[in-house]
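Visitor: quick one: sequence and predicted model below, then my questions.
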Amino acid sequence: MTFFLIITLVKIAIVFAVFMTTLAYLQWVERKVLAHIQSRTGPLRVGPHGLLQPLADVFKLLTKEDLMPPHASKFFYLLAPFMAVALALVSISIIPFGPQVAVPGGNTFMQVGDLNVGILFVLAVAAVSVYGIALAGWSSNNKYSLMGGLRSSAQMISYELPFTLVIVSPLLLANHLSFRAIADSQAGYYWDAIPRWSIFQLPFPQIFGFLIFMIAGFAETNRIPFDLPEAENELVAGFHTEYSSMKFACFFMAEYANMVTISCVATILFLGGWHPLFPAPYSNWVPTVMFLLVALWLFVQSTKIGRKGDHITFPIFGFAAVGLALLFAIPFLQAYLVPIFWFGAKAGFILFTYIWIRGTLPRFRYDQLMHFAWTFLFPCALVNLLLTALMVALFPNQK
Amino acid sequence: MDSILFIIAAVAAIGCGLNLVLQKHPISSALSLIGVMSSLALLYLLLGAEFIAMAQMIVYGGAVMVLFIFVIMLLNAGTEKRSDKSLFAQIAGFPLLAVLVVLLAFLIRETQFPSRILDVKFGSWVGGTAEAIGMKLFSQFLLPFEVVSVLILIAILGAVVLAQKEVD
């Protein structure tokens, strides 16, 4: 009991710290990647290559004046950002980042807590989290906010259908609702080469399912090209027009937290969780090689004529990368770090896709958004589910 | 521990239920109803019905109530006016309430509960998993299940007929 209590508290502390740092730096990554897609430089002033920008942003938001519109309904106006951020942060608690590992005093899973109905829990939280946005829009007493809130609820209700339907298909392959069991069902390789992730798994590979999930996930998180609730050219800033200071930051954080959660869920459902791309003895050395390559690139870059200070900061980060590479090379630590590396790499790739698409696609029109959900995405998800069910029923031994 | 959780959830459910009736603004009432749904989900979870708890949150806490809130926001409904109490409510309201409470208490006291009552405790009953419910639905309750699905299909068809545009 004491062991369970202590280890759970430690795990909560680690997950919370890493999650919060990820949220802060995801915003920096997004600004940087977007900037480079658009041939700009992005944040550059605060710290080397703008690395301290998230900290500066936090201080800026904390010290800004907190405004309250005069005719807003006070209670709901204050409740909305709280609900949005609390519900966005809670789902990470059941995401498994790795397999069972040995710790001093016993064995534990790399996961804060496992639920028998894990995927349903995520869906339940997603279903309730729309209230934060809807209430914010309504309570601000502003027509643009109200329009944003209404659009958001309509969009989330519409896209929840293909989202939920397409989740069922990998569940049919995994035969379980707990995240840990779903990830475990994707272990192993065909002919020692192709991983048994859901997007490759026989009898019906879920590659279409993955695409539908990603599209619906973009809409569920109100991201471009589906960010109609905050379309600047029509609605000023949508549901959070009247929010300033930390309350605005809450909505901002909730959006990024939802992105991270969707990426983690996609990783577990479709990309095999922490299971590597190719079998174990070789795949354990991927992180080491990757970090060494990053270090090499940084050292080479530092010799070229760059910005002021680059010839100091690049070697520092290069040595940090070498240190990480050595850390991943220690056999004792590999059992802990390598699964997390693979999980992080997959989730990070999906997050990068989020940003990539934001830099690529323009926004949908509202009627296009609804038509797309009901006349294309929903039937596609349904056909995908029927085919998967049929194939699983016909070839139950193919797994 | 489990009884404390039960008391918290039960008090929250009753409090939200009372608030639902007492609040004047439709949005407040709708939110109180969400509170009731969530507390009920917690109670289901406490009883070991984890699937039902999550379904409660997804269907009632999420889908149904979002529709309520959506309509209230769309109509931009304001604060309700309190109408003068009717004579019948003034005279018979509290006596009828008292009769109802006494009847309920009497019924609960007189009910013959099964001899083996499990404690309100996490994990004391494990029949509420998705697997168990699925097995029951597709074996013992197959006919009602299929009938309900046909009923829902009819409802969807009705909605399509009502929503389609008039064709000249």
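Guide: Right, received. Where do you want to start?

Visitor: before we move on, what SS does the closest residue to chain A within chain B have?
Guide: In chain B, the residue that lies nearest chain A is B:Gly62 (2.4 Å; CB to the nearest CB). All C-beta spots, glycine's among them, are computed from the backbone N, C-alpha and C. Using DSSP: H, G, I helix; E, B strand; the rest coil, the structure places B:Gly62 in helix.

Visitor: tally of neighbours for residue 18?
Guide: Using chain A. Residues within reach of A:Val18, counting by other CB atoms under 10 Å in any protein chain shown, total 14.

Visitor: oops, I was thinking of chain B
Guide: Count around B:Leu18 with other CB under 10 Å applied: 12.

Visitor: likewise A:Lys11?
Guide: Counted with other CB under 10 Å, the neighbours of A:Lys11 add up to 19.

Visitor: confirm that it sits in a helix.
Guide: Yes - counting by three-state DSSP, A:Lys11 falls inside a helix.

Visitor: okay, now residue 86: neighbour count?
Guide: No chain specified, so I'll use chain A. The local packing of A:Ala86 (other CB under 10 Å) involves 14 other residues.

Visitor: that's the wrong chain, I wanted chain B
Guide: 10.

Visitor: how far away is it from B:Ala92?
Guide: 10 Å (CB to CB, to the nearest Å).

Visitor: any idea how far stretch A:208-216 is from the chain center?
Guide: 14 Å (CA atoms, centre = their mean, to the nearest Å).

Visitor: any part of that stretch near chain B?
Guide: No - counting by CB under 8 Å from any CB of the partner chain, chain B is not contacted by stretch A:208-216; separation bottoms out at 15.3 Å.

Visitor: and for stretch A:357-376?
Guide: No - counting by CB under 8 Å from any CB, chain B is not contacted by stretch A:357-376; separation bottoms out at 11.5 Å.

Visitor: pull out the buried residues from that stretch.
Guide: In terms of neighbour count (16 or more other CB atoms under 10 Å in any protein chain shown), stretch A:357-376 has its buried residues at A:Arg358, A:Arg363, A:Phe364, A:Leu369, A:Met370, A:Phe372, A:Ala373.

Visitor: distance of the nearest residue to the third one once chain neighbours are set aside from A:Ala381?
Guide: Right, A:Phe364. Nearest non-adjacent residue to A:Phe364, counting by CB to CB, 6 or more residues apart in numbering or on different chains: A:Pro225, 5.2 Å away. Distance, A:Pro225 to A:Ala381, using CB to CB: 19 Å.

Visitor: how about residues contacting whichever strand or helix holds A:His371?
Guide: Using DSSP states H and E, A:His371 falls within helix A:366-371. Applying CB atoms under 8 Å, 6 or more residues apart in numbering or on different chains, the contact partners of helix A:366-371 are A:Arg151, A:Ala154, A:Gln155, A:Ser158, A:Ala219, A:Phe226, A:Leu228.

Visitor: report the secondary structure element holding the first one.
Guide: The one in question is A:Arg151. Per DSSP H and E: helix A:143-174 holds A:Arg151.

Visitor: residues of the following helix or strand past that helix that come out buried?
Guide: Next helix or strand after helix A:143-174 toward the C-terminus (DSSP H and E): helix A:179-184. Of all the residues in helix A:179-184, those buried under the rule 16+ other CB under 10 Å are A:Phe179, A:Arg180, A:Ile182, A:Ala183, A:Asp184.

Visitor: okay, the nearest residue to A:Arg223 once chain neighbours are set aside and A:Asp66: tell me how far apart.
Guide: Leaving aside its sequence neighbours, A:Arg223 sits nearest to A:Tyr354 (CB to CB, 6+ apart; 6.1 Å). Distance of A:Tyr354 to A:Asp66, given as CB to CB: 30 Å.

Visitor: next, B:Met65: phi, psi?
Guide: phi -70, psi -30 (degrees, to the nearest 10).

Visitor: what about the residue nearest to it when sequence neighbours are not counted, neighbour count?
Guide: Nearest residue to B:Met65 in three dimensions, chain neighbours excluded: B:Ile34, at 5.1 Å (CB to CB, 6+ apart). Number of residues near B:Ile34 (other CB under 10 Å) recorded here: 22.

Visitor: for chain B, which helix is longest?
Guide: In chain B, taking DSSP state H as the definition, the longest helix is helix B:87-110.

Visitor: for the helix or strand following that one, which positions count as buried?
Guide: Past helix B:87-110, further along toward the C-terminus, the next helix or strand under DSSP H and E is helix B:130-139. By 16+ other CB under 10 Å, the buried positions in helix B:130-139 come out as B:Ala130, B:Ile133.

Visitor: can you give me the angle helix B:130-139 makes with helix A:143-174?
Guide: On the basis of axes from the mean of the first three to the mean of the last three CA atoms, to 10 degrees, helix B:130-139 is oriented at 80 degrees to helix A:143-174.

Visitor: can you give the distance from the next helix or strand after helix B:130-139 to the centre of its chain?
Guide: Scanning forward in sequence from helix B:130-139 by DSSP H and E, the next helix or strand is helix B:142-163. The chain centroid and the centroid of helix B:142-163 are separated by 21 Å, computed with CA atoms, centre = their mean.

Visitor: A:Pro225 and A:Ala381: which is more packed in?
Guide: Legend: neighbour count by other CB under 10 Å for A:Pro225 and A:Ala381, higher for A:Ala381 (25 against 18).

Visitor: now do the contacts for the more buried one.
Guide: A:Ala381 makes contacts with A:Leu161, A:Pro162, A:Leu165, A:Val166, A:Gly209, A:Ile212, A:Ala216, as judged by CB under 8 Å, 6+ apart.

Visitor: is it true that A:Leu89 touches A:Ala257?
Guide: Yes - using CB atoms under 8 Å, A:Leu89 is in contact with A:Ala257, at 5.4 Å.

Visitor: list residues touching both of those two?
Guide: Residues touching both A:Leu89 and A:Ala257 (CB under 8 Å, 6+ apart) are A:Phe19.
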